[in-house]
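Engineer: can you look at this prediction? I've put the sequence above it.
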Amino acid sequence: MKAAIRHLMRNRRRSILTLCAVLIPIYFLILMFGFTNSVIQDMFESATRFDTGHMQIRAVEPPGSGSALPLINDPSDALDILAEMEAIEWFTVRLDLPALASVDDRTRTVFLRGVVPEEIDPVSNMADRMVEGDFLSSERDGVIVGEELADLLELGVGDDMVLLSAHPDASLGAIRAPIVGIFNAHEAAIGRMIVYSNLGTARRLARSETAATAIVLRLNGVRGSQDTHVMEATADALRAQLPDSYVVQGWLELLPILSGYLDVLVPMLVIMAVVFFGLGALVVVNTLYLSVMERTREIGLILSLGSSRIRVMGMILAEAGLITAAGAFYGVVLGIGIILIIEAFGGIPLWGQMAAYMREMGITPVLHMSITAWQVLLSAGAMSIVAMMAAWFPAWKASRLEPMEAMRHVE
Amino acid sequence: MSNNPLIQTVDLKKTYVTEALETPALRGVNVELHKGEFTAVAGPSGSGKSTLLHLLGGLDRPSEGDILLEGTAMSQLSKDQLAKLRLTNIGFVFQAYNLIPVLTVLENTAFVLELQGVVKSERIKRARKILNELGIEEYADQYPNRISGGQQQRVAVARAVVGEPSIVLADEPTANLDTAMSMELIDLMKRLNSDKGATFFFATHDSRLLDRVNRLITLVDGEVADDDVRTAS
């Protein structure tokens, strides 16, 4: 081992190059993990906080009904079960209805979302987005609309809107509701499409006093997407207790676009890792092979003195192991160090089209980074294995040298 | 000296074959070397001295014939077995010192013992002892590039004998040394031969060394031209 260290010190420039070949892929992979963790966490936060909750209970769609959001006629049996479950932190009932919104001769297709305003806070920041008028109240009839819809229908706070429901599970309903507030949706499509009312107003439109389309849940002990096992365990427990007329859906199931995006992230990471590791491995092979070539006479001498070929292999692999361990260590230190520094400064704010795109995806345009111990181990471990596999070839070549031919070798 | 030869060559032939031509280096050499001998093989360049030395050391394979080392036919041994035989039975001193540059004098000397699996404390003790006997213990912690050529060749001799091999094979050991250093080295090897009974076999043209051997084998064109046993000084 001492000799291996001295060999590495003898040609420092090459040793540093080999070290960098191990260090850089680990460093980049840790940063990539840090970035994707941030993206996934942002997606999770945005989706579960402002839209889906951690999971939802919905009605099983009757065959041939044509409704993507089948009505739950009376969710009280499910609510009773939820009230008894310790894993559930919070839940609320929601009623979503496709509707036509009409003001004078202007009509738009909208989506009426009936919520319990006093309970909505854990899964929505709508109350904070009001730009005019007031937020909803269970005590007062009325709807709030996005700025975009208000512009399209040329209406303001205090005006009335006629809503016509066409939910396939409910009879045709129509209500006149006053506009009590206008909100900023951040996303134009949502601002044009979504109309919020209290649950009572939505139920009047559905002509049912108990109807719902979803029970939205948040769970105890779920900090992020890494706690999938907690969510799955709770979903299983719910499925076991709920009648067959209900279906339990997780946040990703409810957001297939995000799910597809996440499905692309992992292969992308794998491709990048393969490219980084491949380049690192090439440098390791190249530098170690050069080292073996330069030391051909020395290796010939060692073999002529009676060293076994396995020992010669071990000698080269020991050098590779040392440089790999050092590269892995510094790669991890550098990767984690950069993440800690970035986080100490509050993350990297993004700008331009990227920021706009992230906003549309429901992601905060600030690059926060985080990494798990498992990801650090995976990055360092995988590159170390690749580097040692790359070192195998020069080590094997060294062990196959013929002593006399090697000793006659002229550099 | 025992009557059983330490090494015996049996009609030993070696031909180097390239695409263009075949070059015979040894053409049927029959030699016996006995324990405790201080023997040199001499001859003009290309006579086959180094080839004979390399074959005796198991560093190369003969084209025909065989070598018996203490009764063991070397042709029957695999590469790994030959390596083990070199490790335990043969010490080498090469022309160009051939010390391992990243090891100190002490570590270079103890290297063979390390290969033999001798425990660290024991190999350090034995290496220091031999360095002391050869008068170079003061350089024990120096790296090879910090000492003179003569001192490096002494270290090479120390490394060759520290494992107590059956025979030390030395290929032109004085070729790179000046007269004073050559004489010192020859004295040293002669002392190891007389005091410890170490068996030496040299390939050389150095007349100073040839004058001191007690047997001189002369090779000409790959054949033994003369085998002169004498009383050396």
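Structural biologist: Yes, it's here. Keep in mind that what you see is a predicted model, and the values were worked out from it rather than measured. Residues are numbered from 1 along each chain as shown, chains lettered A, B, ... in the order given.
Engineer: what parts of chain A come near chain B?
Structural biologist: Counting by C-beta under 8 Å from any C-beta of the partner chain, the residues of chain A close to chain B are A:2-3, A:6-7, A:10, A:297-298, A:301-309, A:311, A:403-404, A:407. (C-beta placed from N, C-alpha, C; glycine too.)
Engineer: buried only: go through the residues you listed for me.
Structural biologist: With neighbours counted using 16 or more other C-beta atoms under 10 Å in any protein chain shown, the residues of chain A next to chain B contain these buried positions: A:3, A:6-7, A:297-298, A:301-309, A:403-404, A:407.
Engineer: which element is residue A:204 on?
Structural biologist: In this assignment (DSSP states H and E), residue A:204 forms part of helix A:199-206.
Engineer: packing partners for that helix?
Structural biologist: Here helix A:199-206 touches strand A:88-103, strand A:106-115, strand A:160-165, strand A:173-183, going by 3 or more C-beta pairs under 8 Å, 6 or more residues apart in numbering or on different chains; DSSP states H and E.
Engineer: just the helices in chain A please.
Structural biologist: A:2-10, A:12-50, A:76-84, A:147-152, A:188-193, A:199-206, A:228-241, A:251-254, A:256-294, A:296-304, A:309-344, A:352-360, A:373-399, A:403-408 (DSSP state H).
Engineer: sorry, slip of the keys, the one I care about is chain B.
Structural biologist: With DSSP H as the criterion, chain B has helices spanning B:49-56, B:79-89, B:105-116, B:120-133, B:149-162, B:179-196, B:207-210.
Engineer: what's the closest of those to chain A?
Structural biologist: With C-beta to the nearest C-beta as the measure, helix B:79-89 is the member of those nearest chain A (2.6 Å).
Engineer: neighbours of residue B:150, just the number please.
Structural biologist: By other C-beta atoms under 10 Å in any protein chain shown, the residues close to residue B:150 number 20.
Engineer: follow-up on the earlier one: could you dump the helices and strands packed on helix A:199-206 to a markdown table with mean pLDDT?
Structural biologist: What follows is the helices and strands packed on helix A:199-206, written out as a markdown table (pLDDT from 0 to 100):
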| stretch | mean pLDDT |
| --- | --- |
| strand A:88-103 | 91 |
| strand A:106-115 | 92 |
| strand A:160-165 | 90 |
| strand A:173-183 | 92 |
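Engineer: from residue A:280, how far off is residue A:29?
Structural biologist: According to C-beta to C-beta, to the nearest Å, residue A:29 stands 10 Å off from residue A:280.
Engineer: would JSON lines of the helices of chain B with mean pLDDT and distance to residue A:14 be doable?
Structural biologist: JSON lines is the format used below for the helices of chain B (pLDDT from 0 to 100; distance: least, C-beta to C-beta, whole Å):
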{"stretch": "helix B:49-56", "mean pLDDT": "91", "distance to residue A:14": "32"}
{"stretch": "helix B:79-89", "mean pLDDT": "90", "distance to residue A:14": "29"}
{"stretch": "helix B:105-116", "mean pLDDT": "93", "distance to residue A:14": "23"}
{"stretch": "helix B:120-133", "mean pLDDT": "92", "distance to residue A:14": "30"}
{"stretch": "helix B:149-162", "mean pLDDT": "88", "distance to residue A:14": "26"}
{"stretch": "helix B:179-196", "mean pLDDT": "82", "distance to residue A:14": "35"}
{"stretch": "helix B:207-210", "mean pLDDT": "83", "distance to residue A:14": "41"}
